[in-house]
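Student: need coordinates for the below:
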Amino acid sequence: MKIIFMGTPDFAAGILEALVHDGQDVIAAVSQPDKPVGRKAELRPTAVKAAAEAAGIPVLQPERLRDPEFMEKLENLAPDVIIVAAYGKIIPPFILELAPYGCLNVHASLLPKYRGAAPIQWAILDGEKETGVTIMQMNEGLDTGDMLAVSRVAITAEETGGSLFDKLEEEGSRLLLETLPLIEKRALQPKAQPKDSPTAYARMIEKKDGEINWEEEAAAIERRVRALDPWPGTYTRLDGKLFKVLKSRVLTEDKTNTVNCDKIGTGQQPGTILQTGRDGIDVRTGAGILRVTEVQLEGKKRMTAADFLRGYPLEIGTVLDSH
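Tutor: Below is the predicted model of the structure:
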């Protein structure tokens, strides 16, 4: 089948590379326009554009998918199927109906759960024990099309956003390559999704989502640290400086409450440092204690909490700011 691939970030690029490696006939890649990055605002190609160019695949980067010139180019390519993975914009009806086998979407969740732009991070944030990949026949709704294939992936207790991205990219690639021949033979029975999703819409993650609210329970903060690794990362403030929390764990026993209550008083507000040492920095939360084990202070390199404390000792009772 002649394939047009539509995608933008690393997750999509990995799937495109798997199609190329498998010998699939990818005749063009469509990606969002390059965006300026860094202080010099230099244009950086999207991950999909870079992967496509490396494979010698023509790349189209329309500002608008409804642009007449772009639509004409797409029609002239006469694809058999269009594969979409994290493109980042709503696909108009013209594209959905262009190819005989339609538009297939590789979505990183167990639909109808986590429809939306950031299903991977939100699955970790919500404490899910498993997620997966769904191959879906796209329609005009937001991730509401009929399901063609599903694969489940466990979420471990140490899972980060980055590690789960890698797992789901690999599983999505495998499932797509397994599914394409069945789609060509029309050997799959599409399964309609329920109208409503059991989870909230997985909105796009923003930088501000990384700010820690110490009034949340320790388990929720620990999940946030993992879910938003590597981007945007989680942070608080120490002595007015940005203080990134890179790794943490929930203490199962509250030993510091009785040990240090005489030093810091009984009004241990969330964000209060209860104890420091070679094992980390113990912080009071809205419910429970979070042990911070890897950090990065503004202007410094990342390091273990133990190494940080050698050069920046913290007094018990110091309060980390939530705002």
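Student: torsion angles phi and psi at Phe308?
Tutor: Main-chain dihedrals, Phe308, degrees, to the nearest 10: phi -60, psi -40.
Student: got a list of what it touches?
Tutor: With contact taken as Cβ atoms under 8 Å, 6 or more residues apart in numbering, Phe308 is in contact with 295, 297. Glycine gets a C-beta too; all of them are placed from N, C-alpha and C.
Student: mind checking how far it is from Asn139?
Tutor: Distance of Phe308 to Asn139, given as Cβ to Cβ, to the nearest Å: 51 Å.
Student: and Glu97, by the same measure?
Tutor: Distance of Glu97 to Asn139, given as Cβ to Cβ: 10 Å.
Student: which one's more surrounded, these two?
Tutor: Set Glu97 next to Asn139 and count neighbours by other Cβ atoms under 10 Å: Asn139 wins out with 17 against 10.
Student: nearest spatial neighbour of that one, skipping sequence neighbours?
Tutor: Gly145 (4.3 Å; Cβ to Cβ, 6 or more residues apart in numbering).
Student: which residues touch that neighbour?
Tutor: 105, 136-139, 193.
Student: repeat that with 10 Å
Tutor: For Gly145, the contact set (Cβ atoms under 10 Å, 6 or more residues apart in numbering) comprises 96, 102-105, 107, 111, 134-139, 190, 192-193.
Student: which members of the residues you listed occur in strands, if any?
Tutor: Among the contacts of Gly145, the residues falling in strands (DSSP state E) are 103-105, 107, 134-137.
Student: tell me which two in the residues you listed are the farthest apart.
Tutor: Spanning the widest gap among the ones in strands among the contacts of Gly145 are Cys103 and Thr134, at 14.0 Å by Cβ to Cβ.
Student: neighbour count: the two, which is higher?
Tutor: Under the criterion of other Cβ under 10 Å, the comparison of Cys103 against Thr134 puts Thr134 first, with 26 against 22.
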